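Visitor: Fold the stuff below for me.
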Amino acid sequence: MKIALIGSAPSSIKLAPYSDPNWSIWGCSPAVFFQAGKLDQWFELHRWEPPVIGKPDQQVPWLSPEYCAWMAQFKGPVWMYEPAPEIPNSKALPWQDLVKKYGHYFFTSSIAWMFATALESILSERKTLKESGQTKAEPDMIGMWGVDMAADQEYGYQRAGLQFFAMIATSLRIYVVVPPE
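Guide: Residues are numbered from 1 along each chain as shown. The predicted structure is shown next:
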């Protein structure tokens with residue numbers, strides 16, 4: 001299984017394997033939806049505060065009307081802390097299960113939640129294949145594009161979460177792919 005996690009950093013977002021059908025593309029962030037290519041799953045893990053139409057003073061900057069409308073029509077799952085009626089394909093992220101397994105210290109960003117979910121997807125697929133007596137020819141991979149974690153102010157505390165999950169992936173023989181950018 002190959003899972004690409006897409007963040008909003010302009011340095012590498014356009015380099016993701018959007019046209020490669022072997023990759024499942026998972027995105028997050030209001031800054032991603034309009035510029036990413038193919039997307040298979042979406043993560044909106046911020047507090048759900050949709051805009052109040054006609055009351056601009058009550059708008060939440062990261063949840064614009066355009067973004068909410070896009071999520072409402074998205075064909076794949078939209079992972080949220082709890083389903084939102086305005087988003088038909090919204091599903092509750094099993095965050096309690098993830099915290100129980102990995103602890104709560106390293107869930108420092110949406111990308112960290114996505115990384116843990118990707119690990120669980122790969123482990124689930126491995127279990128299913130093992131139970132059916134099948135094997136895989138290609139290695140499992142989790143890649144990150146549009147994820148720089150370079151700015152100390154915003155991302156300094158978030159970087160450790162990705163490093164933690166990357167170490168777990170490596171210990172499970174899951175390749176972690178990042179572009180040089």
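Visitor: Now do the lengthiest helix in the chain: everything it contacts.
Guide: Determined from DSSP state H, the single longest helix within the chain is helix 110-131. Contacts with helix 110-131, where a contact means Cβ atoms under 8 Å, 6 or more residues apart in numbering, come from 1, 3, 5, 7, 26, 28-29, 43, 45-46, 79, 93, 95, 98, 101-102, 106-107, 135-136, 140, 142, 144, 147, 158, 161-162, 164-166, 168-169, 172, 174. Backbone N, C-alpha and C define where each C-beta goes, glycine included.
Visitor: For ChimeraX, what selects the buried ones among the residues you listed?
Guide: Only the buried entries of these go into this ChimeraX selection, using 16 or more other Cβ atoms under 10 Å:
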select :1,3,5,7,26,28,29,43,45,79,93,95,98,102,106,107,140,142,144,147,158,161,162,164,165,166,168,169,174
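Visitor: In PDB, could you pull the C-alpha coordinates for the longest helix of the chain?
Guide: This file holds the C-alpha atoms of helix 110-131, laid out as PDB (Å, rounded to 0.1, in the frame of the first residue of the first chain):
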ATOM      1  CA  SER A 110      -3.400  17.000  11.300                       C
ATOM      2  CA  ILE A 111      -0.600  15.300   9.400                       C
ATOM      3  CA  ALA A 112       0.400  13.300  12.500                       C
ATOM      4  CA  TRP A 113      -3.200  12.000  12.800                       C
ATOM      5  CA  MET A 114      -3.100  11.200   9.100                       C
ATOM      6  CA  PHE A 115       0.200   9.400   9.500                       C
ATOM      7  CA  ALA A 116      -1.100   7.200  12.400                       C
ATOM      8  CA  THR A 117      -4.200   6.500  10.300                       C
ATOM      9  CA  ALA A 118      -2.000   5.500   7.400                       C
ATOM     10  CA  LEU A 119      -0.100   3.200   9.600                       C
ATOM     11  CA  GLU A 120      -3.300   1.500  10.800                       C
ATOM     12  CA  SER A 121      -4.500   1.200   7.200                       C
ATOM     13  CA  ILE A 122      -1.300  -0.600   6.100                       C
ATOM     14  CA  LEU A 123      -1.300  -2.800   9.200                       C
ATOM     15  CA  SER A 124      -5.000  -3.700   8.500                       C
ATOM     16  CA  GLU A 125      -4.200  -4.600   4.900                       C
ATOM     17  CA  ARG A 126      -1.200  -6.700   6.000                       C
ATOM     18  CA  LYS A 127      -3.400  -8.600   8.500                       C
ATOM     19  CA  THR A 128      -6.000  -9.300   5.800                       C
ATOM     20  CA  LEU A 129      -3.400 -10.500   3.300                       C
ATOM     21  CA  LYS A 130      -1.800 -12.800   5.900                       C
ATOM     22  CA  GLU A 131      -5.200 -14.300   6.900                       C
END
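Visitor: Fine by me, we can end here.
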